[in-house]
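Participant: sequence first, predicted model second:
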Amino acid sequence: MAASAVCLLLAGCTSLVAGQGRPAMTLADTQVAAYPGGQAHTRDTVDYPESPPVGGEHDAAWADCTGTVYDAPIRRENAVHSLEHGAVWVTYDPDLAGAADVETLTGLVTGRPGLMLSPYPGQGVAVSLQAWDHQLRVDDAGDPRVAEFAELLVFNPETTPEPGATCENPFFLPDRPLPA
């Protein structure tokens with residue numbers, strides 16, 4: 001099984017990314033960054049300028065992003081690797097998002113390839129969506145831009161540095177302790 005995990009990791013990504021993501025048409029209030037292709041893998045904690053992050057150095061293992069709903073925060077460095085593969089990471093602040101918001105987001109993400117959902121305490125807004133180089137922050141999960149952002153940016157070949165890489169990672173352990 002360990003050999004399978006190594007093969008899966010190697011098949012999904014190299015140590016440096018050769019692809020080049022480019023900003024796409026964006027929705028109102030989408031913030032766009034400019035992370036170049038070729039981001040290195042690291043085991044270290046990364047100090048990202050955005051919270052939640054939208055690109056940069058990341059862990060070699062990506063978070064499973066096959067419509068996965070995490071009920072606890074996931075490590076940022078793993079999530080950023082998923083963004084590199086073309087995923088959209090939907091996050092909510094448990095102190096600001098209500099039960100109806102979480103239910104709406106869960107319905108959007110569950111079982112949908114290229115999406116993942118997790119709580120992200122302290123993000124300062126009820127809901128935030130991240131794709132490589134793109135972030136949209138909203139106060140309500142019912143905002144129509146939430147679904148539009150996901151539709152526009154999941155596996156978008158114009159913005160994904162590593163198009164065609166898998167989002168499946170059954171070996172990802174979401175309960176791995178987060179760095180302090």
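Facilitator: Cool, got the structure.

Participant: how close does Asp139 get to Asp101?
Facilitator: Noted for Asp139: a distance of 9 Å to Asp101, by Cβ to Cβ, to the nearest Å. Placement of C-beta: from N, CA and C, glycine included.

Participant: what sits against the residue nearest the centre of the chain?
Facilitator: Closest residue to the average C-alpha location of the chain: Trp89 at 3.3 Å, with Cα atoms, centre = their mean. By Cβ atoms under 8 Å, 6 or more residues apart in numbering, the contact set of Trp89 is 52, 63, 65, 79, 82-83, 116-118, 129-131.

Participant: what segments of the chain are helices?
Facilitator: Counting by DSSP state H, the chain has these helices, from start to end: 2-12, 76-84, 99-109, 144-153.

Participant: report the inter-axis angle for the shortest one versus helix 144-153.
Facilitator: Relative orientation of helix 76-84 with respect to helix 144-153: 70 degrees, computed using axes from the mean of the first three to the mean of the last three Cα atoms, to 10 degrees.

Participant: which other helices and strands does helix 76-84 contact?
Facilitator: For helix 76-84, the packing partners by 3 or more Cβ pairs under 8 Å, 6 or more residues apart in numbering; DSSP states H and E come out as strand 88-92, strand 115-119, strand 127-131.

Participant: wait, which of the ones you listed is closest to Glu168?
Facilitator: Nearest to Glu168 among the helices and strands packed on helix 76-84 is strand 115-119 (11.5 Å), distances taken as Cβ to Cβ.

Participant: low-confidence regions, the chain specifically.
Facilitator: 1-25, 38, 175-180 (pLDDT under 70).

Participant: rerun that using 50 as the cut-off
Facilitator: 1-21, 177-180 (pLDDT under 50).

Participant: since we're on Ala97, how many residues are nearby?
Facilitator: Neighbourhood size, Ala97 [other Cβ atoms under 10 Å]: 22.

Participant: residues contacting it?
Facilitator: Residues counted as contacts of Ala97 (Cβ under 8 Å, 6+ apart) are 105, 126-127, 141.

Participant: please redo it, this time with the cut-off set to 6 Å
Facilitator: Contacts here follow Cβ atoms under 6 Å, 6 or more residues apart in numbering; on that basis Ala97 touches Ala126.

Participant: and Gly98, how far from Glu77?
Facilitator: 29 Å.
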